[in-house]
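Participant: Structure for the following, please:
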Amino acid sequence: MAKDVIIALDFPDAQRALAFLDTLGDERPYVKIGMELYYAEGPDMVRRIVDRGHQVFLDLKIHDIPNTAAGAARSVSRLGASMINLHAGGGITMMRAAADALRDTPGEPPLLIAVTMLTSLNQDALTHELLIARPVQDAVLHYASNAKAAGLDGVVCSPHEARPVHDLLGDAFLTVTPGVRFAEDAVGDQQRVTTPDMAARLGSDYIVVGRPITKANNPLEAYRRCRDAFVGI
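Facilitator: Coordinates of the predicted model:
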C-alpha cells in the first residue's frame, strides 16, 4: 500500500488556502479540505484545488439517517475528490447506504472511509462523557469492523490503532491517521499523537498533518521533512 502525507488546509477562506499552496512551489501534495474551508467557500473550493493538480480528501464527516447520508455521498462524489468520509457512529446501515450510492454513481468513485474515534478524545472522555465503557482501541476496532462490513475502503483512526486495524481487517483496509506532529511541536487539541516516522512504523497508510506544516516558517521545507520521515521508513 502506497503511503502519503495529506496536508490539512484548515484555513478560513480560499485566499489563505490558495496562498499557502503557492508557498509549495511545484509540489502538488495530497490535501484535506475540512468543514471550515468547505463551509466558507462551498463545493467550488474542491474543484479549484483539484484543477490545480491536487488529490483532495474531502473531510465532511457525513453523519445522518441512511437516505440522507447516501444523498450527501452521491452529491460530494461529483466534485472530484479522491477520498470522502463519514462517521462510523452512524452505524452499518448508514455506511452501507453511502457506499452503495457511490457504486451507483457514474465514473470512478472516491475512496470512502469512516471516522472511528476523534483523536481529540481520550479514555476519560470516552468513559465519562460518551458512556462507552470499553477501552479506546476496542471501540476503534469495533467501528472499523463495522465499516469493513458496510463495504468501506478504510477508516480514520490514530496511528496507535493503525497496526491493530490492519491485523484485524487486512493491509488493504486503509488507515488514515491524524494526530501527527514533529517531536518538538505542541500537541494542541489532539490527545493520541505520534511523529511521522513513528506513524509509518505503526502502519499508517496516510497521515494527515496540519499546523506543523501550514504554520511553519518554511512550509515547503516542513512538508518535505514530513514526507521524507513518513514515506522513507
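Participant: C-alpha only now, for contacts and for neighbours.
Facilitator: Noted.
Participant: Which residue ranges of the chain form helices?
Facilitator: Counting by DSSP state H, the chain has these helices, from start to end: 14-22, 35-41, 44-51, 66-76, 92-103, 123-128, 136-149, 159-169, 196-202, 211-214, 219-231.
Participant: Select from those helices the stretch with the lowest mean pLDDT.
Facilitator: Per-segment mean pLDDT for those reaches its minimum on helix 123-128, at a mean of 90.
Participant: where does the closest residue to Pro29 other than its chain neighbours fall, phi/psi-wise?
Facilitator: Excluding its sequence neighbours, the residue lying closest to Pro29 (CA to CA, 6 or more residues apart in numbering) is His54, at 6.0 Å. In this entry, His54 is assigned phi and psi values of phi -100, psi 140 (degrees, to the nearest 10).
Participant: okay, now His54: neighbour count?
Facilitator: Counted with other CA atoms under 10 Å, the neighbours of His54 add up to 20.
Participant: Isn't it up against Lys32?
Facilitator: No - with contacts counted by CA atoms under 8 Å, His54 stays clear of Lys32, the gap being 9.8 Å.
Participant: May I have the lengthiest strand in the chain as CSV, with CA atoms only?
Facilitator: Ranked by residue count under DSSP state E, the longest strand found in the chain is strand 56-62. Taking Å, rounded to 0.1, in the frame of the first residue of the first chain, the C-alpha atoms of strand 56-62 are listed here in CSV:
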residue,chain,number,x,y,z
VAL,A,56,-8.3,16.0,-2.2
PHE,A,57,-9.6,14.3,0.9
LEU,A,58,-12.9,15.9,1.5
ASP,A,59,-13.4,15.7,5.3
LEU,A,60,-17.1,16.5,5.9
LYS,A,61,-17.8,13.5,8.2
ILE,A,62,-21.3,12.7,6.9
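Participant: list the buried ones in that strand?
Facilitator: Buried residues in strand 56-62, counted by 16 or more other CA atoms under 10 Å: 56-62.
Participant: Please produce TSV containing the residues you listed, extended by distance to Pro178.
Facilitator: What follows is these, written out as TSV (distance: CA to CA, whole Å):
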residue	distance to Pro178
Val56	15
Phe57	12
Leu58	14
Asp59	12
Leu60	15
Lys61	14
Ile62	18
